[in-house]
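J.: from the sequence below, what's the structure:
(chains A, B, C and D)
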Number of protein chains: 2
Amino acid sequence: MEIRGHLDLLLLSVLDSTGPVHGYAVITALRDRSEGTFDLPEGTVYPALQRLERAGLVASRWDDTTPRRRRVYELTDDGHRARAAKKREWGGFVVGVQAIIGPMAAAGPA
Amino acid sequence: MEIRGHLDLLLLSVLDSTGPVHGYAVITALRDRSEGTFDLPEGTVYPALQRLERAGLVASRWDDTTPRRRRVYELTDDGHRARAAKKREWGGFVVGVQAIIGPMAAAGPA
DNA sequence: TTTCCATACCCAGGGAACCTAGGCATAGAA
DNA sequence: TTCTATGCCTAGGTTCCCTGGGTATGGAAA
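T.: Residues are numbered from 1 along each chain as shown, chains lettered A, B, ... in the order given. The predicted structure follows:
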């Protein structure tokens, strides 16, 4: 499933709802919550998290308390604000697309 | 407003609902129907229409009956099928995103 | 004990998409 | 006559996301 342009919102949303979490868990959360719709390769998610960190929306640190060494990410204050802003933007985007493509077909009767 | 990955669906939808139409009119239709949300530069739309034509989803011809020479686009049979498929895909995409980001805030009371 | 899978991190490079920033030309209004 | 809206186009850059690797450990299975 294509993500183009909305990956940041998804990542920020996961980090917002889970709190501090490592990258691999973000991938599984995305897959589980979307029931398989968003099964993203690591080569997508790790660089994206780094990009968000460079942008100051996310902060990371190593967690050495677990058996396996992990890098743990969490939202910064800017990240929280960016998530909220991108969510509103998403709402407008959906409205715009629906206006162009027309309503989705209703689910058929049982 | 970002379009990433969903431009084809928008273009195919406009062509589907208008029938044969020239590129500039596609741009204005997109802007008007979305109430300004999708105000796309020509440098986005013209190359995209060409790409759709190369993909066989759209056919074009010159229309010399109007005072100004125009290139008119319309959907092929494959284009109609692609539009329907992409619309279904869009539905799944929205469901997936909503599952991750949570419900949108309700509009406030009047 | 060895083998395999899931976990967990990373990077280089490629391809595609979209936009910027132009160029060219005509019709009609001011 | 000059300006704006219409109408077409392209080259090139940027950014994004993915492919296809590499490295390593923990735990289960054989």
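
J.: remind me, longest helix of chain A?
T.: helix A:77-101 (DSSP state H).

J.: now for it, which elements pack on it?
T.: helix A:7-18, helix B:7-18, helix B:23-33, helix B:77-101 (3 or more Cβ pairs under 8 Å, 6 or more residues apart in numbering or on different chains; DSSP states H and E). (C-beta placed from N, C-alpha, C; glycine too.)

J.: show me what that helix is in contact with.
T.: Helix A:77-101 has contacts (Cβ atoms under 8 Å, 6 or more residues apart in numbering or on different chains) with A:6, A:8-9, A:12-13, A:15-16, A:52, A:56-58, A:75, A:104, B:1-2, B:6, B:9-10, B:13-14, B:30, B:33-35, B:37-38, B:87, B:90, B:94, B:97, B:101, B:104.

J.: ok, of those residues, which come out buried?
T.: With burial judged by 16 or more other Cβ atoms under 10 Å in any protein chain shown, the buried subset of the contacts of helix A:77-101 is A:6, A:8-9, A:12-13, A:15-16, A:52, A:57-58, A:75, B:6, B:9-10, B:13-14, B:30, B:33-34, B:37-38, B:87, B:90, B:94, B:97, B:101.

J.: minimum distance to residue B:71: which of the helices and strands packed on helix A:77-101 has it?
T.: helix B:23-33 (6.2 Å; Cβ to Cβ).

J.: the very next helix or strand once past the closest one near DNA strand C anywhere?
T.: Using DSSP states H and E, the helix or strand that follows helix B:23-33 in sequence is helix B:42-54. Yes. Helix B:42-54 lies within reach of DNA strand C by Cβ under 7 Å from any atom of the strand, at B:42, B:43, B:44, B:47, B:48, B:51.
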